[in-house]
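Novice: Starting from these lines, generate the structure:
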Amino acid sequence: MRALSVRAKLMLLYLLVTLAGLLIFGLMSYGALQYACLQGKRTHLQGREDRLISLLKENKAKGVRETLNEQLRNYARATHEGNLFHIHNLDGSLLFPTEGIDHDWALPANDDCSRPVFSSVTVDNQPALVMCHTIMLDGQMVRLHIGGSLDEETYILRKYRSALFLLMPGVLFFSSVCGYFLSRHALKPVDRMTRATLGIGIGNLSQRLPVPSAKDEIQHLAVAWNQLLARLDAAVSRLSQFSADASHDLRTSITVMLATAQLSLHRHRSEEEYRDGLEKIVTECRTASTLLDALLSLAQSDNFVHEVAFKKIDLCALVVNGCRRVEDLAESSGILLDWYLPPETVYIEGDELLLQRLLGILLDNAIRYTPKSGEIRAEVSLAADNALVTVRDTGVGMSEDVRLHVFDRFYQADLRERKSKAGSGLGLSIGRWIADAHGAELTVESTPQQGSVFQIKFPVRVTISALEPVFARK
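Specialist: Okay, the predicted model is just below:
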């Protein structure tokens, strides 16, 4: 069954449903016909009883001198199936006929037949229906048995059953053919989507699947796949752009380092010139290392759940250490860096290395996009049950459109216009990933040419000691 195509499965399902419907219809219709035939026979037997009673009353009113036995015999001769007509006394003795009887239809003794009771019997190897009813006959209570042959009803039921068996294979064959064409028609949109999918590759992700006009599940599937292709196309485009930019940056850094080193080796230079060359090489190494580190962190981000190790961390000490790591870089760029701590030590649960990475990303971005003579400030504060880490800068800021996409992977704003400020397009996406892993919220507010404010809101904090406010300026 698993190896069958969807079209074959739909056809078989349609065939099975049709077969089940035919069986249910056949059984119900056969039962209804059988009930109708038996009900008609019961009405016929009750009519014969009524005619017998009416006949005896008319004979009595006319003064007929025949005995009861003679009147019953005449009735039996003149009535169809008169041989299926018996009368018993209440004690069980036979009242009519008194001779020539070869069968007895007496019901069980515990059934008084005060109301008509019907039972099926076999007479001369033929099915018959017998009615038993206690009535007043010629001034005495007797038990009347009137029978009727079921040959005609049995014949009708047999013919109807045969017709059902003969029609069922034809109906099933017709249903299978209809099921095949219906499934083929229903899966035509899927076939078109399949052919279109086979033509989509990494080089033409802009193509889309055909969307059926009918608002059904297949249309929803096509729309969902087109949305997925749109997201994939955007991601691949950003990845391609980032790869080109990263390749250019790495090639530039390597070229600069190689040229500087070769120049220093082939030409005698003063100590100051050697130091300048080495500083240039160190700067280019840091740029390339930052890019490669971002790529490595991004590649490992999917396995973050298995690598993170939470423990109690002094958030104030974390911010101070993070600022001191980049204070030389800020000073060399002519940027004023300071930090502010609350009067109480704040502890959170987290991974210290990852949180250092997160704070380093925010501070590195602030230094990268803050011009000379600008200011950067890192703050730790408390708000209700949250611990807040805020990084403010007076840099170039960002527009609303850039702010909405700044956490997307490989996203870079105005990369070509800011080659000296170019990043990897990965830092903030990694920062959002680290914040999410800690259950924290990383947000940004920014105004073009006025600066940006990045804030990390941790959901749990523990205050254990009180200190004086700390304000440091570098």
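Novice: helix/strand/coil for the spatially closest residue to residue 459 that is not a sequence neighbour?
Specialist: Nearest residue to residue 459, sequence neighbours excluded (C-beta to C-beta, 6 or more residues apart in numbering): residue 439, at 5.3 Å. Heads up, the C-betas are built off the backbone N, CA and C, glycines and all. At residue 439 the chain is in coil, as set by DSSP: H, G, I helix; E, B strand; the rest coil.
Novice: Residue 439: how many residues sit nearby?
Specialist: 12 (other C-beta atoms under 10 Å).
Novice: next one: residue 391
Specialist: When neighbours are counted by other C-beta under 10 Å, residue 391 comes out with 24.
Novice: from now on call the first residue 571
Specialist: Got it, first residue is 571 now, which makes that one residue 961.
Novice: Which strand runs longest in the chain?
Specialist: strand 696-707 (DSSP state E).
Novice: Name the next helix or strand downstream of it, please.
Specialist: strand 710-719 (DSSP states H and E).
Novice: who's in contact with that next one?
Specialist: With contacts defined as C-beta atoms under 8 Å, 6 or more residues apart in numbering, strand 710-719 is touched by 611, 614-615, 618-619, 622, 651, 654-660, 665, 675-676, 683, 691, 693, 696-707.
Novice: Mind doing that once more with 7 Å?
Specialist: The contact list for strand 710-719 (C-beta atoms under 7 Å, 6 or more residues apart in numbering) reads 611, 614-615, 618-619, 651, 654-660, 665, 675, 683, 693, 696, 698-705.
Novice: which residue ranges form the helices in this structure?
Specialist: Assignment of helices within the chain using DSSP state H yields the ranges 576-632, 638-648, 721-756, 758-768, 787-836, 841-870, 874-877, 885-895, 897-902, 922-938, 970-975, 997-1007.
Novice: Can I get those in a markdown table including mean pLDDT?
Specialist: Formatted as a markdown table, the helices of the chain follow (pLDDT from 0 to 100):
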| stretch | mean pLDDT |
| --- | --- |
| helix 576-632 | 91 |
| helix 638-648 | 85 |
| helix 721-756 | 90 |
| helix 758-768 | 84 |
| helix 787-836 | 76 |
| helix 841-870 | 73 |
| helix 874-877 | 44 |
| helix 885-895 | 90 |
| helix 897-902 | 80 |
| helix 922-938 | 87 |
| helix 970-975 | 85 |
| helix 997-1007 | 84 |
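Novice: Mind checking the ones you listed for the one nearest to residue 913?
Specialist: Closest to residue 913 of the helices of the chain is helix 885-895 (C-beta to C-beta; 10.3 Å).
Novice: count of residues packed around the residue lying closest to residue 963 once chain neighbours are set aside?
Specialist: Among residues not flanking residue 963 along the chain, residue 936 sits closest, at 4.0 Å (C-beta to C-beta, 6+ apart). For residue 936, the neighbour count with other C-beta under 10 Å is 27.
Novice: Just to check, residue 936 is in contact with residue 964?
Specialist: No - Residue 936 is beyond contact range of residue 964, at 9.2 Å (criterion: C-beta atoms under 7 Å).
Novice: circling back: could you report the distance from the residue nearest to residue 963 to residue 966?
Specialist: 11 Å (C-beta to C-beta, to the nearest Å).
Novice: what pLDDT does residue 685 get?
Specialist: In the predicted model, residue 685 carries a pLDDT score of 90.
Novice: cool, and the one 10 residues further on?
Specialist: In the prediction, the pLDDT value recorded for residue 695 is 81.
Novice: burial count for it?
Specialist: Neighbour tally, residue 695, other C-beta under 10 Å: 5.
Novice: State the distance from it to residue 713.
Specialist: 26 Å.
Novice: Residue 600 too?
Specialist: For residue 600, the distance to residue 713 - C-beta to C-beta - is 34 Å.
Novice: who's more crowded, those two?
Specialist: Neighbour count, other C-beta under 10 Å: between residue 600 and residue 713, residue 713 has more, with 23 against 14.
Novice: hang on, the earlier thing: residue 915 is nearest to which of the helices of the chain?
Specialist: The nearest among these, by C-beta to C-beta, is helix 885-895 at 5.7 Å.
Novice: Helix 922-938 and the closest one, what's the angle between them?
Specialist: 50 degrees (axes from the mean of the first three to the mean of the last three C-alpha atoms, to 10 degrees).
Novice: Now do helix 885-895: which elements does it pack against?
Specialist: Contact analysis of helix 885-895 by 3 or more C-beta pairs under 7 Å, 6 or more residues apart in numbering; DSSP states H and E lists strand 906-911, strand 914-920, helix 922-938, strand 945-953, strand 956-963 as its packing neighbours.
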